[in-house]
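>>> Generate a structure from the sequence data that follows.
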Amino acid sequence: MVTVTSVNTLRNAVAIAERKVQQDQTRVDQDASRLQDSRAQLAKDQEQLSTRQKASRAAESANAPTPAPVRLDSTITKPVPATLDGLPRAPQVNAQGQTVGRLINVTV
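Residues are numbered from 1 along each chain as shown. Here you go, the predicted model:
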């Protein structure tokens, strides 16, 4: 047998469930709106990044000097100096057998 109390309890439970569904639906709508805003911002940021990367590449290519061509004919042959002034000389030795022109240990 159905009583008034059980009917009221069921109505209250249904009302609570309806409010909870409405609250959840409101949250879902807010989340969907935030997601849409985030996607729009992401698209805008990606476009700005692409534009800046293109500008950066254009600036780098404009400022980059063109490397000089390599001349292999001048790098392979090295001419011998006409005078021997640039070549190392044999060390000179004085009468005591010490090398001249270098540090000599005078402390014995």
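
>>> Helices of the protein, start to end?
4-63, 72-76 (DSSP state H).

>>> highest average neighbour count across these?
helix 4-63 (a mean of 10; mean count of other C-beta atoms under 10 Å). Every residue, glycine included, has its C-beta placed from N, CA and C.

>>> hey, which helix or strand in this structure has the poorest pLDDT?
For the chain, using mean pLDDT, DSSP states H and E, the weakest element among its helices and strands is helix 72-76, scoring a mean of 65.

>>> ok, back up a step: least confident of the helices of the chain, on average?
Mean pLDDT is lowest for helix 72-76 out of those, coming in at a mean of 65.

>>> now stretch 94-107: mean pLDDT?
67.

>>> Out of the helices of the chain, which is closest to Gly97?
With C-beta to C-beta, the closest approach to Gly97 among these belongs to helix 72-76: 44.3 Å.
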